[in-house]
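Enquirer: predicted model and sequence follow; I will ask about them next.
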Amino acid sequence: LIYDYFKQLFAQVTNPPIDPFREKIVMSLECPVGPEGNLLEPSASLCHRLWLVNPILSLGDLQTLKTTNYRGWKSAVIDITCSSTAKDLGKEIDRICREAEVAATTHQY
């Protein structure tokens, strides 16, 4: 009983709650989508991002993102599945990375 009491007190000291102002930022599920700018050089282009309320997309939301041309943005679909009989998972991951790199360099706005 006394062990539990001190254990709880110790937990409160070592894990202080986040204050309400920072908690809103730290615990947010909002996800910015779109090109990132240089935060050290503020400009209006930093504001041109799409903010998702949460990271879970419906099929309709996903389709909208895939077909949008908002501000000249382009998207690419990369198949990240691999065969259940694949022997070398590393090669599959390398393939996915190569496709992502190609998409990133060829789909510049």
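Expert: Right, received. Where do you want to start?

Enquirer: next, the distance between the ends of stretch 80-91.
Expert: Start-to-end span of stretch 80-91 (C-alpha to C-alpha, to the nearest Å) is 12 Å.

Enquirer: and it, how far out from the chain's middle?
Expert: On the basis of C-alpha atoms, centre = their mean, to the nearest Å, stretch 80-91 sits 24 Å off its chain's mean C-alpha point.

Enquirer: in that stretch, what counts as buried?
Expert: Judged by neighbour count (16 or more other C-beta atoms under 10 Å), stretch 80-91 contains no buried residues. Where you see a C-beta, it was placed from the backbone N, CA and C, and this is true even at glycine.

Enquirer: quick one: mean pLDDT over that stretch.
Expert: Average pLDDT, stretch 80-91: 88.

Enquirer: just stretch 38-57 next, same as before
Expert: Averaged across stretch 38-57, pLDDT comes to 81.

Enquirer: list the contacts of that stretch.
Expert: Under the contact criterion C-beta atoms under 8 Å, 6 or more residues apart in numbering, stretch 38-57 has outside partners 29-37, 61, 65, 70-71.
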